[in-house]
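*Asks:* Could you look at this predicted model? Sequence included:
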Amino acid sequence: MKHAFVPPADLEPLQRHPKAAAPGHHIDLHHSTCFGCGDDVPLGLHLKVIAGDGLTVSADMPVASWMQGGPGVIHGGVLSAAFDEVMGTSPLLIGSAVVTAHLEIDFAEPIPLGSTLHFDARILGRQRRKVYIASVAHIGDPERPVASAHSIFVTIDVKEHFAEHYDKRVIL
């Protein structure tokens, strides 16, 4: 797949935070009503992001009938939300909470309802507050991605960023 997105050449290399989830372990959700990972959202994505080696994560997502866009295939917005969740969770490996600044997706093939998407993401590096991440999605064959994404997330102070909403709901 070809991307127009080119991360800066001078990205700061990053180290895994000592308190990050161990490889093979679930990275805990940030709140139960999150559309991407929350357990209390009836029609949410319910993604469970798993820490990998180094600065990588993975997740699996069954493509359910309610996710339909074109006849028999996933809606592009649902796929975008899944990439956003997987990639936005990965900076917890470096001890950073983030929000999405830029998300670019290449759709390579239609993704049929009833399939299971497998996502792999890796943190590329950081430039000041910007964290650069890449991800691919496939259906069973890692050599044949059905979509790929690049993103920039910006680190935040959670209590400050969500101050207006923080007292109304537990966020993290």
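*Replies:* Done, it's in.
*Asks:* Show me where this protein dips below the pLDDT cut-off.
*Replies:* 1-3, 29-30, 157-163, 165-172 (pLDDT under 70).
*Asks:* And the residue positioned nearest the centre of the chain, how far from residue 137?
*Replies:* Centroid check for the chain by C-alpha atoms, centre = their mean gives residue 86 as the closest residue, at 1.8 Å. For residue 86, the distance to residue 137 equals 9 Å [C-beta to C-beta, to the nearest Å]. Using the backbone N, CA and C atoms, a C-beta is placed for each residue, glycine as well.
*Asks:* One more: residue 87?
*Replies:* 11 Å.
*Asks:* ok, which stretches of this structure are helices?
*Replies:* 76-89, 158-161, 163-166 (DSSP state H).
*Asks:* got the contact list for the first one?
*Replies:* Okay, so that is helix 76-89. Residues outside helix 76-89 that contact it (C-beta atoms under 8 Å, 6 or more residues apart in numbering): 27, 34-37, 45, 47, 49, 57-59, 61, 67, 69, 98-100, 103, 105, 107, 111, 117, 119, 121, 133, 135, 137, 147, 149, 151, 153.
*Asks:* now with 6 Å?
*Replies:* By C-beta atoms under 6 Å, 6 or more residues apart in numbering, the residues outside helix 76-89 that reach it are 27, 36-37, 45, 47, 49, 59, 61, 67, 100, 103, 105, 119, 121, 133, 135, 149, 151.
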